[in-house]
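> got a sequence here, can you model it:
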Amino acid sequence: MEFDVGARLRGLREKHGLSQRQLAQRAGVTNGTISLIEQNRSSPSIASLRKVLQGIPSTLADFFGDETLPPSEQIFFKSNDLLELTSKIADARKGKISFRQVGDLRNRSLQVLHERYEPGADTGSQPHMLQHESEEGGVVIKGQLELTVGTQTQLLGPGDAYLFDSRIPHRFRNVGDEDCELISACTPPYL
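Numbering: from 1, shown residues only. Predicted coordinates:
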C-alpha cells in the first residue's frame with residue numbers, strides 16, 4: 001500500500017486545528033503549496049516537506065511513522081529494521097539520497113541515521129540550505145562528502161567527522177564519483 005502524503009498532511013493539519021492558510025503562514029510557503037500537496041498534485045522534496053512540517057510542528061519521522069503502534073523499546077537493529085525515511089517522498093524515487101533511521105523516535109531525543117548520497121546528490125544550495133533547531137554530528141564511512149556550514153566548506157572522506165549547531169544553514173553534497181555513506185546523529189530529531 002502506497003503512503004498517501006496528501007491525506008497524511010491534511011489529517012495532521014486538521015488534528016492541530018490549522019487551516020491551509022494558517023499552516024502556509026507558519027511554514028513560510030504559499031497556500032497553493034499546501035493545497036497541491038494535500039491533493040497529491042505536487043510531490044514535495046525532502047526540504048519542502050520538512051519546511052511545511054515545521055509549521056505544525058512535526059518531524060519527517062513522525063509524519064511517516066505509524067501512530068497506531070506503541071513505542072518500541074527495541075535495543076538491537078538489523079539492517080532491514082532501519083526505517084527508510086526518504087522512500088516515501090519524491091527525492092528518494094530519484095535515488096539520490098537515502099536517510100535510514102535507527103528505531104522509533106517517539107520516546108527518544110536522539111536520532112541516529114545511516115545516510116547515503118549518490119554521486120551528484122545535494123541537499124540544496126542557498127537559499128534552500130538545511131536549517132533546524134538541533135545539533136548534529138556524523139562520521140563518513142565511505143566516499144567523499146562536501147559539507148558547508150554557514151560560510152565554511154570542507155571536503156570529508158572516510159573517518160572524517162563533523163559536529164555543529166544545525167541552526168546554522170548547512171548543505172551536504174557528494175562531489176565524488178562513488179556513493180558516500182555516513183552515520184549521523186541529531187538531537188533533538190529533525191527528520
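
> quick one: contacts for R116?
Residues in contact with R116, defined by CB atoms under 8 Å, 6 or more residues apart in numbering, are 97-98, 100, 179-181. From N, CA and C alone the C-beta is placed, and that goes for glycine too.

> run through the bridge partners of it.
Beta-bridge pairing of R116 under DSSP bridges involves S98, E181.

> can you list the domain ranges for the chain.
Listed by automatic domain parsing, the domain ranges of the chain are 5-58, 79-187.

> for the shortest one, the distance to its chain's centre please.
Spelled out, that is domain 5-58. How far domain 5-58 lies from its chain's middle: 15 Å, per CA atoms, centre = their mean, to the nearest Å.

> quick check: phi and psi at D81.
Dihedral pair for D81: phi -80, psi -20, per degrees, to the nearest 10.

> distance check, it against D104.
10 Å (CB to CB, to the nearest Å).

> the more surrounded of those two?
D104 (17 against 13; other CB atoms under 10 Å).

> before we move on, back to that, now do the shared contacts for D81 and D104.
Common neighbours of D81 and D104 (CB under 8 Å, 6+ apart) are Q74.

> ranges for the strands of this protein?
83-84, 97-101, 111-117, 135-142, 145-149, 152-156, 161-165, 170-173, 180-187 (DSSP state E).

> related to what we said a few turns ago, which of the contacts of R116 sits closest to G65?
Among the contacts of R116, R100 lies closest to G65 (CB to CB), at 14.2 Å.

> was I right about that closest one contacting L113?
Yes. Counting by CB atoms under 8 Å, R100 does reach L113; the two are 6.4 Å apart.

> between those two, point out the one with more neighbours.
L113 (23 against 19).

> quick one: the more buried one from F3, how far?
19 Å.

> and the helices in the chain?
Counting by DSSP state H, the chain has helices at residues 5-15, 20-27, 31-38, 46-54, 60-64, 90-93.

> which one of those helices lies closest to G137?
The nearest among those, by CB to CB, is helix 60-64 at 18.0 Å.

> give me the pLDDT value at M1.
Reading off the confidence values, M1 has pLDDT 48.

> now for M129: which residues touch it?
Listed by CB under 8 Å, 6+ apart, the contact set of M129 reads 123, 148, 169-171.

> switch the cut-off to 10 Å
By CB atoms under 10 Å, 6 or more residues apart in numbering, the contact set of M129 is 47, 123, 148-150, 168-172.
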